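# One predicted model, sequence on top.
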Amino acid sequence: MKTLHYIAFTLLVVGGLNWLLVGLLKWDVGMLFGGQEAIVSRIIYVLVGLSAITILATHRKDCKTCMGEMPMPENKM
C-alpha cells in the first residue's frame, strides 16, 4: 500500500505542476505527447485523476502527520 501511495502522490504532484504551468504560461505538459487528444496524454490524465482519488481515499490512513506520528510545526506568531 505504501508503494501505491508514493506512486499516487508523485502523479498528483505532476498533475499539480501541470496545472501551474497551464495557469501561468498557458502551456500543457500533455502537448509533449501530442496534445489532449493523443492516447498517451489521455492515459496520463486518467492516471493523475485516479491518483487524486487514491490519495483522497487513503490519505488519513497513510499520512503520518495526520495520524499524529510526526509532530506538527509550532506556529511562532
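Arrived safely.
# in this structure, which segments are predicted with low confidence?
1, 60-77 (pLDDT under 70).
# redo that, cut-off 80
Across the chain, residues meeting the criterion (pLDDT under 80) sit at 1-2, 5, 30, 33-36, 58-77.
# Just give the closest residue to the residue sitting nearest the centre point of the chain, not the sequence neighbours.
To find the centre residue of the chain, average its C-alpha atoms and take the closest one (C-alpha atoms, centre = their mean): that gives Leu12, at 0.8 Å. Among residues not flanking Leu12 along the chain, Ser51 sits closest, at 4.8 Å (C-beta to C-beta, 6 or more residues apart in numbering). C-beta here means a position set from N, CA and C on the backbone, and glycine is covered the same way.
# so how far is the first residue of stretch 19-37 from its last?
Stretch 19-37 stretches 17 Å from its first residue to its last (C-alpha to C-alpha, to the nearest Å).
# Return the residues in contact with Gly34.
When contacts are counted by C-beta atoms under 8 Å, 6 or more residues apart in numbering, Gly34 touches Val40, Ser41.
# and it, what are its phi and psi?
phi 110, psi 10 (degrees, to the nearest 10).
# OK, contacts around the nearest residue to Ala38 once chain neighbours are set aside?
Distance criterion C-beta to C-beta, 6+ apart; nearest residue to Ala38, sequence neighbours excluded, is Gly30 at 7.4 Å. For Gly30, the contacting residues are Asn18, Gln36, Ala38, Ser41, Ile44, Tyr45, taking C-beta under 8 Å, 6+ apart as the criterion.
# Measure how buried the last one is and give me the count.
When neighbours are defined as other C-beta atoms under 10 Å, Tyr45 has 15 of them.
# So for the helix or strand it falls within, what gets flagged as buried?
Secondary structure from DSSP states H and E places Tyr45 in helix 39-62. Along helix 39-62, these residues count as buried under the neighbour rule (16 or more other C-beta atoms under 10 Å): Ser41, Ile44, Val48, Ser51, Thr54, Ile55, Asp62.
# What is it packed up against?
Packed against helix 39-62 by the contact rule (3 or more C-beta pairs under 8 Å, 6 or more residues apart in numbering; DSSP states H and E) you find helix 2-25.
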